[in-house]
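In: Just to be clear, the model below is a prediction. Sequence and coordinates:
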Amino acid sequence: MKNRFLVVFIAQVVIAQALFAQSKITKLIKNDIVPAEMSIGKLMNYKSKTAKFSDFRGKLVILDFWNTHCSPCVKELPGMDSLQKEFGRKIAIIPVTRNELPEIQSYFK
């Protein structure tokens, strides 16, 4: 019984240390600057499979969070396309989704 208690106690201490060791999460506010070296992974329709925010230096970057199950999000996509066409190389619109590529492709067929 003592061994069991000791194991549980040690596990709790280790978990607590791991939780408190995480960096503090701060709330983002309008006009916050994203670290230039922060990477963006799993890109589609881009010159490479990953990028960094520094790749878009000098452009307004719009992160458009959407999902195939969110009808207002999907309705907004043509508007984002129009913005991209209107402002060209001055902006970079990056659609962000948790959907996998096959699901996205089948949705837009």
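Out: Right, received. Where do you want to start?

In: what are the bridge partners for the spatially closest residue to residue 84 that is not a sequence neighbour, then?
Out: Sequence neighbours aside, residue 93 is the residue nearest to residue 84 in space, at 5.2 Å (criterion: CB to CB, 6 or more residues apart in numbering). Heads up, the C-betas are built off the backbone N, CA and C, glycines and all. Applying DSSP bridges to residue 93 yields these beta-bridge partners: residue 62.

In: Neighbours of residue 93, how many?
Out: A total of 16 residues lie near residue 93 under the criterion other CB atoms under 10 Å.

In: so how far is residue 26 from it?
Out: Separation of residue 93 from residue 26 (CB to CB, to the nearest Å): 25 Å.

In: Can you list phi and psi of the residue nearest to the spatial centre of the chain for me?
Out: Taking CA atoms, centre = their mean, the centroid of the chain lies closest to residue 96, which sits 6.1 Å from it. With angles defined as degrees, to the nearest 10, residue 96 sits at phi -120, psi 130.

In: how far away is the residue lying closest to it once chain neighbours are set aside from residue 47?
Out: By the measure of CB to CB, 6+ apart, the closest residue to residue 96 outside its immediate chain neighbours is residue 65, 4.9 Å from it. Counting by CB to CB, the separation of residue 65 from residue 47 is 23 Å.

In: same question, residue 62
Out: Per CB to CB, residue 62 is found 19 Å from residue 47.

In: More neighbours: these two, which one.
Out: Neighbours per residue, other CB under 10 Å: of residue 62 and residue 47, the larger number sits with residue 62, 14 against 7.

In: Looks like the more buried one contacts residue 93 (just checking).
Out: Yes: in this structure residue 62 lies within contact range of residue 93 using CB atoms under 8 Å: 4.7 Å.

In: I'd like to know how many residues surround residue 103.
Out: 14.

In: pretty sure it is touching residue 68, no?
Out: Yes: using CB under 8 Å, residue 103 is in contact with residue 68, at 6.2 Å.

In: List the residues that contact the residue nearest to residue 96.
Out: By CB atoms under 8 Å, 6 or more residues apart in numbering, the contact list for residue 65 reads 73, 96, 97.
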